[in-house]
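Q: Provide a 3D model corresponding to the input given below.
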Amino acid sequence: MAAMLTIVFRAQAAVTVPDDATVEDDWVCSFVMHSTGGDETVSEAMKVAFSGDDVYFHLPNPIAGNTWVKGTITNGVAIFARGQYLGNYGGSVYMVGQDSEGICDVVFTYDAENQAFALADQQLVLSASATAIDAWAYYTGMAVVKGGEIAGDQWNISYKMHYNSNSGEMTQSDTEPIEVIINGNEVAFNFPNPLNGAAWIRGTLEGSIVTFAKGQQMGTYGGSPFYLAGLDESGLCDVKFNYDSSKQVFTLADMYLLINGSTTVNNPWCYFSVATIAKGTAPVTEEDELVELPSGLTAQDYAFTAKSIVYAEDMTIDHMDDVAWPVKVAFNGQSEVYVRGLCQEMPMSWVKGKVSTGSWDEKLVTFARGQYLGTYHSYPLYLLGKSYGELGDVVFELNGQNLIHKSMVYINTSKNQEAPLDVYANADIKKLTIQAATPANPVIEQYLDFNADEGYAPLMLTIPTTDVNGNMIAPSRLGYRLYTEKDGSQQLYTFTIDKYKDLPEQEMTLIPYELATGYNFYLGGSLLFLNDNLEQNDRLGVQSVYTVGSDVRESEIVWMSFGKVDGMATTTHDVRIENETLTDLQGRRVSPSHRGLLIKTQHMADGSIRTVKVVK
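A: Numbering: from 1, shown residues only. Reported below is the predicted structural model:
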């Protein structure tokens, strides 16, 4: 009896891998499992071992998790004998094959060159009998591939992605299928990735939070690797999703998901501010919308003045700077106030305030928190206020036609948490007094070579909104002219509508400061596309013009020579560099760690400007 019991015990033992076998763990097993609970697509990493002509699969199964089974490879076919023990589930469970003739061995074709096994025209059965078909479940379409792609169940993702293009900063919202794998507390997303279509990221589920460790590689672009990273108020961090298991919905936590050029430094190729992943239909991403000025309202010139708070590394206040710049204000009767330009980085963006009566019968203008200002360096910006230590609306007191501070003003990178780009205290918005003045000299920031294929040359200017004494002047009365000089002869440049389709008149020699079509002309000359090859001249000049009634006053003409350094126009003086800045091709300042084609602008001791291309 003891001998018989020993024989039965051995018959129920699972296959073991011999010590001399080579075990490899980079194979992927994919199949569809059919059971009384329905059909389920399975795709996961699986160990495969080789010993001579024998092959071993660490077969995934719901009975024992993974169980070794043994086959023998002959002439491109791997045969796994029927009846191999897989485990016990209310009785023993075995692996058998089933084809059109009934029970059989399990047969895979084997492509040695591509290192791939594929189940032949049959199904692999998890059977309660080693000699008959008594299916607990069965697998179809099974493939085992070395280094293969793991496939998951199809879910849907709704997202908002932000990135830079040749046209500037862009936002893309979309809904598309996404593969998701949930295996116990292990979660994997085949996450949308504009670098290579999609990339698997893997995380751990604890409670209702899934954490994806930062630093997972998301692909390469131009030979450079890119990585997964989160970004919150503390800096780069792991990526977290909230998971509602009852609704089968994952939602990106209050952070940004970056496809980043570094594992340690914030340098995103693109980032996601919203991502919702659902088993069914993913909720449609709510779009941020810019405030528009209602038609029929007249905007007037105002001045924004404030104390700009500069923080130390520990986020204590280091110091405060006095700042001032012009803004536009429009009143919609006695009920609404619109302001344009509160955010220096987004000078064309409006915000909307509502007029009400305060508890002391004072008039208040309340700008609701979270108003969208636009996207800057791939980050959305929102207007928030702060009073008594709490984030909220921005509130001003309406004193006549002026707005007097009642709360701090935050230009914030999040709608909800404190993540400011700029913070202003004692912010007032007061109507400008219009009077004749001589405008300060303009600055030629950079001029890029004429592109013969495209037919334009980008020119970037700074047209100061102050007079020669530093007093603010009205942008609506300010403009600029261009001059060329050849062999000592100067000529005023004329813009014509045949070359500049977005020109508001047939021809113009004076461009208004506020002309901003977004095609050839940008506010204040910050970016101007010249559709002429002016490099045939010796010099290019710019002059500011300020007009109040019949009083027209001009700045000096500021000149730039067409000498060349690394393809860039530059001054020809050999003098000391006072300071230098790096900008991208849209004229926005970037850090020295920023990648791509950059412009280095050097301010010389004699007041001249030198610009040089830098590729990093």
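Q: Could you use CA atoms for every contact and neighbour count after this?
A: Will do.
Q: could you list every residue that touches residue 191?
A: Applying CA atoms under 8 Å, 6 or more residues apart in numbering, we find residue 191 in contact with 178, 179, 198, 199, 200, 201.
Q: Give me the residues contacting stretch 544-552.
A: Residues contacting stretch 544-552 (CA under 8 Å, 6+ apart): 434-442, 463, 477-481, 553-557.
Q: list the buried ones in it?
A: 544, 545, 546, 547 (16 or more other CA atoms under 10 Å).
Q: quick one: which helix or strand includes the third one?
A: Counting by DSSP states H and E, the secondary-structure element that holds residue 546 is strand 539-548.
Q: Show only the entries of the contacts of stretch 544-552 found in strands.
A: 478, 479, 480, 481, 553, 554 (DSSP state E).
Q: May I ask which two of those are separated the most?
A: Spatial extent of the ones in strands among the contacts of stretch 544-552 (CA to CA) is set by the pair 481 and 553 at 12.6 Å.
Q: thinking residue 444 is in contact with residue 464, fair?
A: No: counting by CA atoms under 8 Å, residue 444 sits too far from residue 464 to count as a contact (11.4 Å).
Q: coming back round to it: out of the contacts of residue 191, who's nearest residue 220?
A: Using CA to CA, these come closest to residue 220 at residue 199, 10.7 Å.
Q: re earlier: including neighbour count, secondary structure and pLDDT, could the contacts of residue 191 go into JSON lines?
A: JSON lines is the format used below for the contacts of residue 191 (neighbours: other CA atoms under 10 Å; DSSP: H, G, I helix; E, B strand; the rest coil; pLDDT from 0 to 100):
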{"residue": "178", "neighbour count": "20", "secondary structure": "strand", "pLDDT": "91"}
{"residue": "179", "neighbour count": "20", "secondary structure": "strand", "pLDDT": "88"}
{"residue": "198", "neighbour count": "16", "secondary structure": "strand", "pLDDT": "81"}
{"residue": "199", "neighbour count": "18", "secondary structure": "strand", "pLDDT": "82"}
{"residue": "200", "neighbour count": "19", "secondary structure": "strand", "pLDDT": "83"}
{"residue": "201", "neighbour count": "18", "secondary structure": "strand", "pLDDT": "90"}
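Q: buried sites along stretch 41-55?
A: Residues of stretch 41-55 classed as buried under the neighbour-count rule (16+ other CA under 10 Å) are 41, 42, 43, 44, 45, 46, 47, 48, 49, 50, 54, 55.
Q: what do you get for stretch 461-480?
A: Across stretch 461-480, burial judged by 16+ other CA under 10 Å covers 461-467, 472-480.
Q: what's the answer for stretch 401-410, then?
A: Under the neighbour-count criterion of 16+ other CA under 10 Å, stretch 401-410 has 402, 403, 404, 405, 406, 407, 408, 409, 410 buried.
Q: First-to-last residue distance for it?
A: Using CA to CA, to the nearest Å, one end of stretch 401-410 lies 23 Å from the other.
Q: And the contacts of that stretch?
A: Residues from elsewhere that reach stretch 401-410, judged by CA under 8 Å, 6+ apart: 365, 382-387, 394-398, 420-431.
Q: what's the answer for stretch 126-144, then?
A: For stretch 126-144, contacts defined as CA under 8 Å, 6+ apart pick out 27-36, 82-84, 91-96, 98, 102-103, 116-119, 122-125.
Q: Any buried residues in it, and which?
A: Within stretch 126-144, the residues that qualify as buried are 126-130, 132-133, 135-140, 142-144, counting by 16+ other CA under 10 Å.
Q: thinking again about what came up before, out of the buried residues of stretch 41-55, list just those in strands.
A: Reading strands off these with DSSP E, I get 41, 42, 43, 44, 45, 46, 47, 48, 49, 50, 54, 55.
Q: Tell me which two of those sit farthest apart.
A: Taking CA to CA as the measure, those span a maximum distance of 27.9 Å, between 41 and 54.
Q: Could you report the distance from the residue nearest the centre of the chain to residue 202?
A: For the chain, residue 271 is the residue whose C-alpha lies nearest the centre (CA atoms, centre = their mean; 2.1 Å). Residue 271 is 18 Å from residue 202, where distance means CA to CA.
Q: Same check on residue 146?
A: Counting by CA to CA, the gap from residue 146 to residue 202 is 19 Å.
Q: again, but for residue 132
A: To residue 202, residue 132 is 40 Å away according to CA to CA.
Q: Where does pLDDT dip in this structure?
A: Residue ranges of the chain with pLDDT under 70: 1-11, 150, 164-169, 196, 222-223, 282-287, 377-378, 563-616.
Q: Next, the closest residue to residue 524 other than its chain neighbours: phi, psi?
A: In this structure, residue 524 finds its nearest non-sequential neighbour in residue 513, 4.6 Å apart by CA to CA, 6 or more residues apart in numbering. In this entry, residue 513 is assigned phi and psi values of phi -50, psi -40 (degrees, to the nearest 10).
Q: can you pull the buried residues of the host helix or strand of residue 322?
A: Here residue 322 is covered by strand 317-332, with elements defined by DSSP H and E. Neighbour counts using 16+ other CA under 10 Å place 324, 325, 326, 327, 328, 329, 330, 331 of strand 317-332 among the buried residues.
Q: which residue sits closest to residue 539, ignoring its sequence neighbours?
A: Spatial nearest neighbour of residue 539, chain neighbours left out: residue 561 (4.4 Å); criterion: CA to CA, 6+ apart.
Q: Sweet, I'm off.
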